[in-house]
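**Student:** Predicted structure and sequence below. I'll ask about it afterward.
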Amino acid sequence: IKEIAQIAVPHSVNRLLLTLLSGIEMVLIPQRLLLAGINRTDSLSVYGIFTGMALPLILFPSALTSSLCTMLLPVISEAQACGKLSAITAAIRKLCLSCLALGLVCFLGFFFLGDFAGNLLFDNALAGSFIRALAWICPLMYLNPALFAILNGLGKTSQVLVHNLTGVAIRIAFIVFAIPVFGISGFFAGMLINQLVTFLLAVRSIRKSLAEAV
């Protein structure tokens, strides 16, 4: 029971806190847009275009990475339990390369066709500009969940919790301090830095875990 709790409790807390903090973000963004000089109607419109048009399209390909993570996570857990380091590294390599390849393809597609997609799907030019801006985040946005899945498979759920909280704290800081100065672009910058920081933290944790397993 103790071993199960050590894995299950951080994972459950991670989900609960991410849901709570995401709700805080939803409340803060329109409020901080008001401080950027945007009236209430326009701030809600900008936020609606971001969350209802651009972001769902950017997140759509992540269904593929989620499937890959679901399939390979038991493989990693089993290999760790059996002490098969070569199997762990092979599974990690396949998962990361697949997610990174998808991220790069989506980056190119969203960046060069973002304006076209915004007009075609939503008949909204601002949605197209948001899609192009978010395209830069795609490689890390699709890769980081895979890295977190690897850490979960290695039993490092507490580290996943810390990394996720660090990332959310960065996003909230950019919402509070950057949006009033740069508008919604400040939040996009926060998302990019959040993904970069959590990527570096996850890679460091995985390397450390594999070194300990040698």
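**Tutor:** Yep, that arrived. Numbering: from 1, shown residues only.
**Student:** Report the helix or strand with the lowest average pLDDT across the chain.
**Tutor:** helix 62-82 (a mean of 78; mean pLDDT, DSSP states H and E).
**Student:** just how off-centre is the next helix or strand after it within its chain?
**Tutor:** Next helix or strand after helix 62-82 toward the C-terminus (DSSP states H and E): helix 85-117. Once both centres are worked out by Cα atoms, centre = their mean, to the nearest Å, helix 85-117 turns out to sit 13 Å from its chain's centre.
**Student:** What is helix 85-117 packed up against?
**Tutor:** The contact analysis (3 or more Cβ pairs under 8 Å, 6 or more residues apart in numbering; DSSP states H and E) places helix 85-117 against helix 55-59, helix 62-82, helix 125-134, helix 138-153, helix 184-213. C-betas here are computed from N, CA, C, even on glycine.
**Student:** picking that back up, counting by contacts, list what the least confident helix or strand of the chain packs against.
**Tutor:** helix 85-117, helix 138-153.
**Student:** State the pLDDT value of the spatially most central residue of the chain.
**Tutor:** Closest to where the C-alpha atoms of the chain average out (Cα atoms, centre = their mean) is residue 141, at 4.3 Å. pLDDT, residue 141: 93.
**Student:** So for the closest residue in space to it that isn't next to it in sequence, what's the pLDDT?
**Tutor:** The shortest distance from residue 141 to any non-neighbouring residue, by Cβ to Cβ, 6 or more residues apart in numbering, is to residue 195 (5.8 Å). In this model, residue 195 is scored at 95, pLDDT.
**Student:** pretty sure residue 195 is touching residue 137, no?
**Tutor:** Yes - applying Cβ atoms under 8 Å as the test, residue 195 and residue 137 come out as touching, 5.6 Å apart.
**Student:** contacting residues around residue 195?
**Tutor:** Neighbour list for residue 195: 137, 140-141, 144, 167 [criterion: Cβ atoms under 8 Å, 6 or more residues apart in numbering].
**Student:** got the end-to-end distance for stretch 176-188?
**Tutor:** Its start and end residues considered, stretch 176-188 measures 13 Å (Cα to Cα, to the nearest Å).
**Student:** If you average the pLDDT over it, what comes out?
**Tutor:** The model assigns stretch 176-188 a mean pLDDT of 94.
**Student:** Any buried residues in that stretch, and which?
**Tutor:** Residues of stretch 176-188 classed as buried: 178-180, 183-184, 186-188 (neighbour count, 16 or more other Cβ atoms under 10 Å).
**Student:** Those residues: which two are farthest apart?
**Tutor:** The most widely separated members of the buried residues of stretch 176-188, counting by Cβ to Cβ, are 180 and 188 (14.6 Å).
**Student:** tell me the most buried of the helices and strands packed on helix 85-117?
**Tutor:** Most buried of these by mean neighbour count (mean count of other Cβ atoms under 10 Å) is helix 138-153; its value is a mean of 23.
**Student:** Off-centre distance for that one?
**Tutor:** On the basis of Cα atoms, centre = their mean, helix 138-153 sits 8 Å off its chain's mean C-alpha point.
**Student:** Which secondary structure elements does the helix or strand that that helix is followed by sit against?
**Tutor:** Sequence-wise, the next helix or strand downstream of helix 138-153 (DSSP H and E) is helix 157-177. With contacts defined as 3+ Cβ pairs under 8 Å, 6+ apart, the packing partners of helix 157-177 are helix 2-35, helix 138-153, helix 184-213.
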